[in-house]
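> here are the coordinates; sequence isn't available:
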């Protein structure tokens, strides 16, 4: 990166699909995304995936909700409107307020694929920003949402899924399945600064920084994790 | 009568010639090793590339067959027809799964440290790690698609056509596009490795060049 000291990096937020659109429309050199580029939507053969790390997602609830874990079926029931009160899943007599991210959200895509198993989400719409979800859950009695673990703070309570916490160890061991690869997509346009930046992302210092920020080193997620995940997906019918 | 100086010069020339033959021999061996290595790389890459592109065909065929099965199911076919459809999809599942497992167990760069070292030396470090990640991503997305597909087939088998149709729209299509996307990225990555092999071998040939030049000068003396 020292060869590019006069290059600047402009970062814009917006969500996974925004990132993919920006790179494929030549508005950005790199498009960050939680989701895969659907080949029918992004057919450019030069679109290249660089996996940089893994992020675990977790369910969070308002601190007044005194439960510590939900199983997959309970989550599906909550998000499909079958279960509407916390007392039905061992919590207080309080209406459940499920928060739903927009369809452009990568977190939502992972939630739908790995937890909902094809069921349609229902609930109160919320902006595609984990900080907004956290803030809304913190200030809404009975609220439940899903966010990346790296942003969870003490204003909300993270709960386990099927009795398993969203930790790096559980993801690596294949015990926890609500996680995703973090992609950086490029168009392989031969821009040296982009290549240098992508190489920089893989250096030990940046991978360590990612760990410090609550992300998981991609190389630490072995095939065991994906193998074990298969078993859990099948057993829950997801 | 040969003077002692002439004898000494002859001795030096003989030594030089012998040394030259030895060094030329070493270069010859190095070049042969390089060619063998390059040839081995291309052979491995070609095999894995062919295997993955075949996998791409299986995956697309599987999705096509699943949709055909759904169409058949809508037309109230015989139990025999549905079973045949289901077996066809499952047969493709098994073949694709075997192909992927085989690739992961044998074709990854992490199983070939000498290839990895060559890429590192040619200024393309970390290829083994990125390839392994893309392979993990391909396996993970495939497993999710397979689970969804099996569930869709089960719904059809149970006579719940509408459920199967909904599941296909809400889970099958999503997981299929992920599986296809991940596989194509892996194929694309392996395709790019051929360029890196060329860089690596070109780099080695260049580094062998000055030695050849020095030898030529020495022999001319």
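Happy to help now that I have it. The structure presented is a predicted model; accordingly, all values stated were derived computationally and were not measured. Residues are numbered from 1 along each chain as shown, chains lettered A, B, ... in the order given.

> make it CA atoms for all contacts and neighbour counts henceforth
Will do.

> Tell me where the chain has helices.
Just so you know, I chose chain A. Assigned by DSSP state H, the helices in chain A fall at A:16-24, A:72-79, A:106-111, A:130-139, A:168-172, A:192-201, A:204-212, A:223-236.

> that's the wrong chain, I meant chain B
With helices called from DSSP H, chain B shows them at B:4-74, B:79-102, B:113-121, B:127-157, B:161-167, B:173-220.

> Can you tell me which residue is spatially central in chain B?
The centre of chain B sits closest to residue B:48, judged by Cα atoms, centre = their mean, with a distance of 4.0 Å.

> Roughly how far does that residue sit from residue B:108?
9 Å (Cα to Cα, to the nearest Å).

> swap in residue B:117?
Per Cα to Cα, residue B:117 is found 14 Å from residue B:108.

> Show me what from chain B comes close to chain A.
Within chain B, the residues that sit near chain A (Cα under 8 Å from any Cα of the partner chain) are B:129-130, B:133-134, B:136-137, B:139-140, B:143-144, B:147-148, B:151, B:166-167, B:170-172, B:174-175, B:177-178, B:180-182, B:185, B:188.

> just to revisit the earlier point, pretty sure the residue nearest to the centre of chain B contacts residue B:103?
Yes. Residue B:48 is within contact range of residue B:103, at 6.8 Å (criterion: Cα atoms under 8 Å).

> Report the contact partners of residue A:118.
The neighbours of residue A:118, taking Cα atoms under 8 Å, 6 or more residues apart in numbering or on different chains as the test, are A:112, A:238, B:166, B:167, B:170, B:171, B:172.

> What confidence value was assigned to the first one?
For residue A:112, the pLDDT comes out at 93.

> ditto for the fifth one
If you check residue B:170, the pLDDT there is 89.

> lowest average confidence, helix or strand, in chain B?
Across the helices and strands of chain B, mean confidence by mean pLDDT, DSSP states H and E is lowest for helix B:173-220: a mean of 71.

> burial count for residue B:114?
Neighbourhood size, residue B:114 [other Cα atoms under 10 Å in any protein chain shown]: 12.

> same question, residue A:212
So residue A:212, with other Cα under 10 Å, has 11 neighbours.

> What's the separation between it and residue A:150?
Distance from residue A:212 to residue A:150, by Cα to Cα: 9 Å.

> Quick check: pLDDT value at residue A:65.
With respect to pLDDT, residue A:65 has a value of 97.

> Quickly note the distance from it to residue B:179.
From residue A:65 to residue B:179 the distance is 37 Å (Cα to Cα).

> can you check residue A:116 too?
Separation of residue A:116 from residue B:179 (Cα to Cα): 18 Å.

> Residue B:88 now?
Separation of residue B:88 from residue B:179 (Cα to Cα): 19 Å.

> More neighbours: which of the two?
Between residue B:88 and residue B:179, counted using other Cα under 10 Å, the more crowded position is residue B:179 (25 against 15).

> Identify the residues contacting that one.
Residue B:179 makes contact with B:138, B:141, B:142, B:145, according to Cα under 8 Å, 6+ apart.
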